[in-house]
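**Student:** Any chance you can model this:
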Amino acid sequence: MKTHSTVRLRRLSRELRQLRAESGWTTEEAASRIGWSRSKLNRMETGEGKPTPGDMAILCDLYSVPEPTRSALVTLAKEAGRRGWWTSYKDIFVGSYVGLEDEAAVISEWGVQLIPGLLQTEDYARAVISAILDDKSTEEVDRRVMARMARKTLVSRPSAPQVRVVLDEAVLHRPIGGVEVMNEQLRTLVAATKRPNVSVRVLPFAAGEHTGLEGSFIVLEFGQDTDLDIAYVEGTAGDVYVESSDHVDRYKAAFERIYELALPAEESRALITKYIKE
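**Tutor:** Residues are numbered from 1 along each chain as shown. As a prediction, this is how the structure comes out:
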């Protein structure tokens, strides 16, 4: 997936490929009929290029797209170019993950090392970011913390997605930022579980070997467009976006197995509270 792809752009490129396939034309044939280069149309069909509403109208004429589908596609082209809140932090969010996360209906995360960014307190986030960017200035750390705090508002907005988190018990043992910061983080985590759209479970050490031993990952689901769902793995060597439906399904199945193996919500909350008291 290209780093600038968004859910709308991916949906639009899929629709364009389907319309051309139904016409029976090759990319070159379709492009020549409207005086475009093959590469221009190809970029739009692969999500590398962003069609303007005018481009979309021309393509709808080419493929004889009837109303209301035509208007819906033109509107989708307008929305594909819409600036998201994260563009104010484009120096921080250099990939496409935040844009995809912002449109997800369900976010499922298996966390091995840390509390997920969407549920972090400011002090916890600062400790994490400072440790990773130990050679950076205080100003840069501050800006990254601000960006993370802006991002976490996703959980509490009116159209908030369902957030399902499974934490390895080791995350509760790791006193990021010291005891006071960690206690505040755990209290905040418990409070977050009272939201109807947030579920947090803990996978206890007693679970032994399990399907999540390879490391953390996130699955983003986008409602009825199941073919647009993705899995995301972040690492020091770079971010990996998994888009093949077969591979995404494997990540979904892996998450469900971890979720079922973890302690139920109430027991997980009790265990987190126990660590706060200790």
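
**Student:** residues near Trp85, how many?
**Tutor:** Neighbourhood size, Trp85 [other C-beta atoms under 10 Å]: 14. Placement of C-beta: from N, CA and C, glycine included.

**Student:** wait, doesn't it sit right on Arg157?
**Tutor:** No. Counting by C-beta atoms under 8 Å, Trp85 stays clear of Arg157, with 10.5 Å between them.

**Student:** low-scoring stretches of the protein, by residue?
**Tutor:** 1-5, 81, 225-227, 237 (pLDDT under 70).

**Student:** and the most centrally placed residue in it, how far is that from Asn42?
**Tutor:** Nearest residue to the geometric centre of the chain (C-alpha atoms, centre = their mean): Glu101, 3.0 Å. Distance from Glu101 to Asn42, counting by C-beta to C-beta, to the nearest Å: 28 Å.

**Student:** now do Tyr251
**Tutor:** Going from Tyr251 to Asn42 by C-beta to C-beta gives 29 Å.

**Student:** quick one: which of the two has more around it?
**Tutor:** Per other C-beta under 10 Å, whichever of Tyr251 and Asn42 has more neighbours is Tyr251, with 20 against 15.

**Student:** So the protein: which segments form each domain?
**Tutor:** Listed by automatic domain parsing, the domain ranges of the chain are 7-80, 85-277.

**Student:** show me where this protein has strands.
**Tutor:** Shown for the chain, the strands assigned by DSSP state E span residues 106-111, 162-168, 198-203, 217-221, 230-233, 240-242.

**Student:** could you give the angle of the fourth one to strand 106-111?
**Tutor:** Between strand 217-221 and strand 106-111, the angle comes out at 180 degrees (axes from the mean of the first three to the mean of the last three C-alpha atoms, to 10 degrees).

**Student:** Same question for the second one.
**Tutor:** Direction vectors for strand 162-168 and strand 106-111, defined by the same axes, to 10 degrees, enclose an angle of 10 degrees.

**Student:** Give me the sheet partners of strand 162-168 and which way each runs.
**Tutor:** Its sheet considered, strand 162-168 pairs with strand 106-111 (parallel), strand 198-203 (parallel) by DSSP bridges.

**Student:** what's the first-to-last distance across stretch 165-182?
**Tutor:** In stretch 165-182, first residue to last residue: 18 Å (C-alpha to C-alpha, to the nearest Å).

**Student:** Make 9 the first number, not 1, from now on.
**Tutor:** Taking 9 as the first residue, the last one we looked at is stretch 173-190.

**Student:** Contacts for that stretch, please.
**Tutor:** Residues from elsewhere that reach stretch 173-190 (C-beta atoms under 8 Å, 6 or more residues apart in numbering): 116-124, 127, 129, 131-132, 134-136, 193-194, 206-213, 220, 263, 266-267, 270, 279-280, 283.

**Student:** Quick check on these: which are buried?
**Tutor:** 116-120, 122-124, 127, 129, 131-132, 134-136, 193-194, 206-212, 220, 263, 266-267, 270, 279-280, 283 (16 or more other C-beta atoms under 10 Å).

**Student:** quick one: contacts for Val210?
**Tutor:** By C-beta under 8 Å, 6+ apart, the contact set of Val210 is 174-177, 180, 270-271, 275-276, 279-280.

**Student:** What sits closest to it if chain neighbours are left out?
**Tutor:** Closest residue in space to Val210, ignoring its immediate chain neighbours: Ser276 at 4.3 Å, by C-beta to C-beta, 6 or more residues apart in numbering.

**Student:** which residues touch that neighbour?
**Tutor:** Residues in contact with Ser276 (C-beta under 8 Å, 6+ apart) are 201, 208-210, 270.

**Student:** how many other residues sit next to Thr244?
**Tutor:** By other C-beta under 10 Å, the residues close to Thr244 number 5.

**Student:** For Ile140, see how far away it is.
**Tutor:** For Thr244, the distance to Ile140 (C-beta to C-beta) stands at 9 Å.

**Student:** I'd like the strands paired with strand 170-176 as CSV, with distance to Tyr249 appended.
**Tutor:** Formatted as CSV, the strands paired with strand 170-176 follow (distance: least, C-beta to C-beta, whole Å):
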stretch, distance to Tyr249
strand 114-119, 15
strand 206-211, 24
